[in-house]
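Colleague: Structure, please.
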Amino acid sequence: MRNLIKYIFIISFGILCFSTNYTYAQDKAPTFQSLISSGDKEFAKKEYIKAKTYYQEALRLRPKDATAKSKLNTTLQKIQEENQKEERFFQYIDRADNYYANSELEKALAEYNKALKIYPKDEYALNKKAEITTTLKDEKDKLDSFNEMVAIGDKLMKSEKYAEAVMQYESALKLYPNNSAVKEKYQNAKNQKETYNTKISEFERLNTQGQEFTLRKRYTEAIDAYQQALQLFPNDKELPNIIKDLQTKKDISDRYEAKINEADALYEDQSYGEAKAAYQAALTVIPDDSYASGMIARVDEIVNSPEYKKIQSDKAKLDNDFANFMHKGENAEGIKNYELALSFYVNALELKPNNAEALAKKKNAEDMILYLEQQRKEQERLAAIEAEKQRKAQIQTLINTGNQQITNKQYANAEQTFNQVLALDPNNTTATQKLGVIAGYYEEIQRQKQENYNKAMGLGDFAFERDNFTEAIKQYNIALTNKPGDETATRQLSLAQQKENLRLQALEDEYNNYIAQAETHLKSKDYDKAIDFYNKAINVNTGNPYPANKIKEISDILKANTILDLVSKSLTVKSNESKRIDFQPIDITVRRSNYISIKAKNLSDKPFLVYVTYGNGAKENGSFTVRLQTNNDFNDFIVRIGSQYKWFSEDNNWIEIYPENGDVEIISMEITKDN
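Modeller: Here you go, the predicted model:
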């Protein structure tokens, strides 16, 4: 359609141009001004093609006229705009025609309306719009009828009027036979109609069944039938009352039956007293019941007979024996001897084979025996799994160790390791193969043993010559490991042990000497000297904790008698720098017994001295030094400052710390006194 309109437009445009040119040809010598005037008239009427022709003719007369050029450019721009409008117009028409062809009328109508906004009087677009509007109105009326029928059908479905709903959906499908949603509703309505009819039949059957069961006093079955019927139609008003009435009758019947069954069981068990009470209880439920009354009379007759009295005596003995076995069984259970408990419960059941309590106890004992046996087996199984897991792990560890020993050419050690593997797993192919490899290196093993022996003997002799008898003993033992029974190694080991014993005795004597001197100084409260000797005892390194404990004891005494905290938090003093600490002079009455306690650590990598001086104002009165070792620990230093005359005689009010060639960290520094 769009192409047809285009062709008509092009033909019209050609005729117009031809007629315009022809007109120009007929004019006799038009003037520039008349051409411009004619162009303006056509432009005003929006006849831009004609206006363009006039402006072009005017420019032929005056090619450089700016006004004519401007008017021509404006006209050409308008023509271009008109062409763009026509292009948009035809795009809308094309889309509208496609929608129309596909019966998408509402979309087509929207596109025709867009086209008419460009050319409101276009006859083709107006005709199409009118045609679609009429069609849509007819379709709307049809759709309204269709929707109304469907809505009525839906409402009927909710009211469970399925037959009427089927008719409504059928009428709707006559208007739109291919509507899948309504087809589904129609089929569902038919199915619901059939289901409803089936429910009605089943409801009637269950009601009839309930009536029959009621007449036969089978109240449980009757209630069940009526409840099933009520599930089909929950809104039925009669069924709940019928069920309630039947439930009342059933309760009475159940209570009566329960009492009668209980009474009959007691009667069968010859428990006549309890049986009579149960029959009497049944009569309270149904007072005129002949069966219960008759059984009461029979019970009275039995209990008054001599035979019954004999039976009662035998029964009392049986009950006593039964209770005795049950008691023993419970005691055995209490100590978790379930095998013994089971034997007692079996004895009890021989007296009363059907006794529920004894049966339950017997089963519980059997269950516990089975449970404990299962637990034992499970523990054995888990233990076996864990043992196997550890065995495999140990084997793998030994294999890894053996492989590393082979890599390190420690063949003797590797041979021993892989033999350990075979002890755990005789069929281990890896160990067997590795031992074969080691066998090939036997000469190397012997050479290595000799090398180890020579090395150990050399190190042992070296240590022996330097009086390091502990190391010598260690090395001679290594030598004997590689060459068991060697006379030289054995002789040297014996000598080293003798020397070591002498050395240890000398150390013990030295230790005792230091301890004795320390004790002497401690008694005279020369704490600094006591600590010095206790430290010497520690350095002898006998491992005895006594000197360290005594040092702590002295520290505790001094700590308890602290006069002044000079440093109460961490203080770092750099190498070859000084740190002065000011304080009020100590009371002269306690200066004689003064100590300075320092806890400090060497922050450098070599030992150095720390100079500690004291004085008053600009005057230095005395000093002492402490030596810091490189042990990465805080060490305690205690100096008896009160023994220095200038400390006692002068009112010292400052102390200065100066580390030489090393950094020091001080965490406490106190002036204290003895007791």
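
Colleague: so what's residue 274 closest to, chain neighbours aside?
Modeller: residue 266 (4.6 Å; Cβ to Cβ, 6 or more residues apart in numbering). Where you see a C-beta, it was placed from the backbone N, CA and C, and this is true even at glycine.

Colleague: Might you list the low-confidence residue ranges for the chain?
Modeller: Residue ranges of the chain with pLDDT under 70: 1-29, 138, 311, 445, 542.

Colleague: Now for residue 79: which residues touch it?
Modeller: 48-49, 52 (Cβ atoms under 8 Å, 6 or more residues apart in numbering).

Colleague: what secondary structure does residue 484 sit in?
Modeller: Under DSSP: H, G, I helix; E, B strand; the rest coil, the three-state class of residue 484 is coil.

Colleague: contact partners of stretch 285-299?
Modeller: 252, 255-256, 259-260, 263-264, 267, 272, 275-276, 279-280, 282-283.

Colleague: ok, 10 Å please
Modeller: With contact meaning Cβ atoms under 10 Å, 6 or more residues apart in numbering, stretch 285-299 is reached by 251-260, 263-264, 266-267, 272-284, 308.

Colleague: and the strand or helix carrying residue 131, what other elements does it pack with?
Modeller: Element membership for residue 131, per DSSP states H and E: helix 123-158. Packing contacts for helix 123-158, counted by 3 or more Cβ pairs under 10 Å, 6 or more residues apart in numbering; DSSP states H and E, involve helix 2-26, helix 66-101, helix 105-118, helix 162-175, helix 180-215.

Colleague: relative orientation of the last one and helix 123-158 in degrees?
Modeller: Using axes from the mean of the first three to the mean of the last three Cα atoms, to 10 degrees, the direction of helix 180-215 lies 10 degrees away from that of helix 123-158.

Colleague: buried set for the helix or strand that helix 180-215 is followed by?
Modeller: Later in the chain than helix 180-215, the nearest helix or strand by DSSP H and E is helix 219-232. Across helix 219-232, burial judged by 16 or more other Cβ atoms under 10 Å covers 219, 222-226, 228-230.

Colleague: how about those in CSV, adding distance to residue 31?
Modeller: Shown next, in CSV, are the buried residues of helix 219-232 (distance: Cβ to Cβ, whole Å):
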residue, distance to residue 31
219, 125
222, 121
223, 119
224, 117
225, 117
226, 115
228, 112
229, 111
230, 109
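
Colleague: Tell me the one among the residues you listed nearest to residue 377.
Modeller: Closest approach between those and residue 377, by Cβ to Cβ: residue 224, at 48.6 Å.

Colleague: So which bits of stretch 574-589 are buried?
Modeller: 579, 586.

Colleague: chain center to it: distance?
Modeller: Taking the mean of its C-alpha atoms, stretch 574-589 sits 60 Å from the chain's own mean (Cα atoms, centre = their mean, to the nearest Å).

Colleague: relative to helix 66-101, how tilted is the helix holding residue 131?
Modeller: Using the same axes, to 10 degrees: helix 123-158 against helix 66-101 is 30 degrees.

Colleague: So which bits of helix 123-158 are buried?
Modeller: Buried residues in helix 123-158 (16+ other Cβ under 10 Å): 124-125, 128-129, 132, 146, 149-150, 152-153, 156-157.

Colleague: Sweet, I'm off.
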